[in-house]
Every structure is written in structure tokens, then in C-alpha cells.
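**Student:** Need the 3D shape of this:
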Amino acid sequence: MLESEDELFDFRVALIENIQRKNLSDPELAAAIKEYDEMMRKLKGEKKPSDTLKKGSRLPQYSEREGWTQDKTAEELNISRQAVARAIQIATAIEEYPELAKEKKGEVILREYRIKKEKEAIQKEKLTERAKLEIRRGERTDLTSPKFSEVKINSDTIL
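**Tutor:** The predicted structure is shown next:
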């Protein structure tokens, strides 16, 4: 993480130049945008849902005290709000599954991420069903024994 305003400025300028030149792969760009967004949230504070005022309020809807948002990241980097959200999704997917970094296209990374998450959900459901069956048979007393909650779910293997 960058510590000073000068470092932040330099990082922002370099990131904007790289976005404009398009010399970063989707994973590299996504990681940089997410890092910038997180850094700004750390420096400026994160906007809380209660900070946004309702329509019709006499007070301004946005203020400096509300904190940092993806909209502000988009504005600072001169990209769309959707591009920021997508970049953060891609970077988060790669953080959770580092092997996805080998893919160069963001849409491929997000598709593979969704597939892995779906496989995990299916496997977790099957493990839960198996545990329920074992409870009915008297082979276990509840879903947490023996150490059911600690079962490692491998997204590449479905029971």
C-alpha cells in the first residue's frame, strides 16, 4: 500500500497512463484498479449506506464526509463505474483462485470463477445431504460432527 499523497498521485498517474495505453492484461489492470480503490477507501474512509440521504432532503446528497465509493474511483480514473466494479470482481476472483491469473481475458476469468463457485455450492449441498443421511442412520449426531464444518471443499471434484 502507498503511504503518502505523493505516492498516491504517482500511482494514479501511472494507472491512468496504463489504462489509456491499454498495455496491461485484464488481470493486471483489475488488480491495479482494485488496489487504487482500496487505497482511497483507506485514506478517505468508506461510504456507509446510511451516509446517502433520501430524495427530497434539503441537505446535499453527496458530501466529502461520506467517504470513498466506486463511483469516485471511476471518476478519478476516467473510466465507467461498471468497469471499476468488473475490475474489482476480476481481482477478487484471482485472489480467491490464483490459478485464474493465467487467463488473460476478464470475461473468461469471471466465467471460470462462477463455475468454480457453482461447483463448490453443489459439493457443499451434497456433503450436507450426506451428513443428514448419516444423522438419520445414527452414524452422527449433528451436521457439525465429526468436524463437518471443517471439510475442505475442492471445487474441481464433485462427489
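
**Student:** any idea how far residue 34 is from residue 90?
**Tutor:** The spacing between residue 34 and residue 90, counted by Cβ to Cβ, to the nearest Å, is 8 Å. The way it works is simple: take the backbone N, C-alpha and C, and place the C-beta from them, glycine included.

**Student:** With neighbour numbers in mind, choose between the two.
**Tutor:** Per other Cβ atoms under 10 Å, whichever of residue 34 and residue 90 has more neighbours is residue 90, with 27 against 20.

**Student:** is it true that that one touches residue 107?
**Tutor:** No: using Cβ atoms under 8 Å as the test, residue 90 is too far from residue 107 to be in contact (9.1 Å).

**Student:** Next, the contact list for the closest residue to residue 105 other than its chain neighbours, please.
**Tutor:** In this structure, residue 105 finds its nearest non-sequential neighbour in residue 26, 5.8 Å apart by Cβ to Cβ, 6 or more residues apart in numbering. Neighbouring residues of residue 26 by Cβ atoms under 8 Å, 6 or more residues apart in numbering: 90, 103, 104, 105, 106, 109.

**Student:** Select from those residues the one having the most neighbours.
**Tutor:** Going by other Cβ under 10 Å, residue 90 tops the contacts of residue 26 with 27 neighbours.

**Student:** which stretch of helix or strand covers it?
**Tutor:** helix 81-96 (DSSP states H and E).

**Student:** Great, nothing more from me.
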